[in-house]
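*Asks:* below is the sequence, then the predicted model.
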Amino acid sequence: MRDCVAEVTGSWQPGQVIDVNEEMHRITAKVTSRALISAEEARPAAARLARALPDILRGLYWRMVIPGSLFPRIPLPVNRRFDHQMRHTRHTLDQVVSHYRTTTTDHGDLLSMVITACEQEHDPQQAVYDQVVTILMGGVETTAATLVWLLRLINSHPHIRQRLLAEVTGALGGRPPDHTDLDDLPYTQQVITETVRLYPAGWIVSRSTTADVHWNEGHISAGADVFYSPYALHRDPEPFPDPEAFIPDRWSPEQVTPAQRQAFFGFGVGRRKCIGDVFGVTEATIAVAAILSRRHLEHDGPVTDRPLIGTLLMAPPTRMRVQPATPA
C-alpha cells in the first residue's frame, strides 16, 4: 500500500492540477491488483483486470435495478460493454491461473490463497473467477470513492484538516506511513468512518428474502427483492444527531454509542458484510497519511457536492491543485 501510494503521488508537482478521481483510482487499482497478483510476470494482467471494472460495475448496476432475465439480453451499449469485459476478464484470469498452477509456486498473494481454497469446488476455475471479480469490485472503486470524498471534505473543513495533519505529522515525523503506524492514527480513522457514513460507496443494496418477514407496518413475502439504502439510514437523526454535518468526533471512543455502531452500514452487515473492510480502512489510512505528509491539495475552480449515482456513490469530477505540504 505504501509503495503504491508513493508511486502515484511521487509524480505530483507543486502547482499541478490533478484529476483526484483518476489519481485515487490509480492508487486503489495498484494496491488491489498487486495484493491479488504479486507475480511480476502477471502484473500486466492484473492491471488489465482493474481497467475492466468500470464497464462491469455499470452493467451490474442496471442488472440490479432491472432484475430478471430479459434486460441482459437487450443489445444496449451498456450490456455489450459488460459482456465484452466479462469475457475479456475471464480470458485474462484463466491465463494467470494457468500460469500459477503450472509453476506450483505460492506467491504469498490473494490469488494463491484463492486457488488453494477453491480446489475442492465443483468447478474450481469458475469459483476462482467469482472470488477474484468480487475482490476487484470491492477493492478498487469503493476505496477510491471514499478517498475522493474525504479529500473534498477536509478541504472544506480546514479545522478538521489541521487536526488531521497534526496527528499525521506527530505520528510519522516526515517518514512514509507503515502498518505499524495505524494505532497512532486514531483520528485519521475517525475521519474515514465519518466520510463513509456521509457517502457510503454502496449507497443502495439489494437482497432477497429467504423467509416471510412481518413487522408492525407491513409484510414481505419470501423470495422478494428488497432494497435498502445505507446513505439514507446514515442520515437518521436519532442515532446521528445533526446527520448532514461532517463530525469525525462522533466516532471517538468517548462519544460513539452502541446505537451509532448498530446504525452504521458502510461496510454491510451480517453474513454479507464486506470481507475487505479492514483492508480498505487500512489502505485509506495509509493513503491519507502519505498524501497529507507530502502535499496540500486545494480545490481548483467551482465545487459541486452533487454525487454521481450508479452502482456506487461516486464523487463528481474533482480537480485539485497540488501545493507543498503545510506545517501542522
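*Replies:* Okay, I see it.

*Asks:* quick one: residues contacting the residue lying closest to A47 once chain neighbours are set aside.
*Replies:* With C-beta to C-beta, 6 or more residues apart in numbering as the criterion, A47 has its nearest non-adjacent residue at 5.9 Å, and that residue is S33. In this view, the C-beta of every residue, glycine as well, is placed from N, C-alpha and C. Counting by C-beta atoms under 8 Å, 6 or more residues apart in numbering, S33 makes contact with R43, A46, A47, L49, A50, L136.

*Asks:* S33: which element?
*Replies:* helix 20-36 (DSSP states H and E).

*Asks:* repeat for A145
*Replies:* Short version: A145 belongs to helix 141-155, going by DSSP H and E.

*Asks:* for that helix, packing partners?
*Replies:* Based on contacts counted as 3 or more C-beta pairs under 8 Å, 6 or more residues apart in numbering; DSSP states H and E, the elements that helix 141-155 packs against are helix 20-36, helix 53-65, helix 158-172, helix 186-198, helix 277-294, strand 295-299, strand 313-314.

*Asks:* between that helix and helix 53-65, how big is the angle?
*Replies:* Orientation of helix 141-155 against helix 53-65 (axes from the mean of the first three to the mean of the last three C-alpha atoms, to 10 degrees) gives an angle of 100 degrees.

*Asks:* now helix 141-155 - C-alpha only, CSV.
*Replies:* What follows is helix 141-155 as a C-alpha-only set of coordinates in CSV (Å, rounded to 0.1, in the frame of the first residue of the first chain):
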residue,chain,number,x,y,z
GLU,A,141,-13.8,1.6,-6.8
THR,A,142,-15.1,1.7,-3.2
THR,A,143,-11.9,2.8,-1.6
ALA,A,144,-11.2,5.3,-4.4
ALA,A,145,-14.6,6.9,-3.9
THR,A,146,-14.0,7.2,-0.2
LEU,A,147,-10.7,8.8,-0.7
VAL,A,148,-12.1,11.4,-3.1
TRP,A,149,-14.9,12.3,-0.8
LEU,A,150,-12.5,12.5,2.2
LEU,A,151,-10.1,14.9,0.4
ARG,A,152,-13.1,17.1,-0.7
LEU,A,153,-14.5,17.1,2.9
ILE,A,154,-11.2,18.1,4.6
ASN,A,155,-10.6,20.8,2.0
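
*Asks:* tell me the angle it makes with helix 186-198.
*Replies:* Using the same axes, to 10 degrees: helix 141-155 against helix 186-198 is 110 degrees.

*Asks:* and helix 141-155, average pLDDT?
*Replies:* Here helix 141-155 scores 94 as its mean pLDDT.

*Asks:* could you check how far that helix is from the centre of its chain?
*Replies:* Its chain's average C-alpha position is 9 Å from that of helix 141-155, according to C-alpha atoms, centre = their mean, to the nearest Å.

*Asks:* what's the angle from it to helix 20-36?
*Replies:* 140 degrees.
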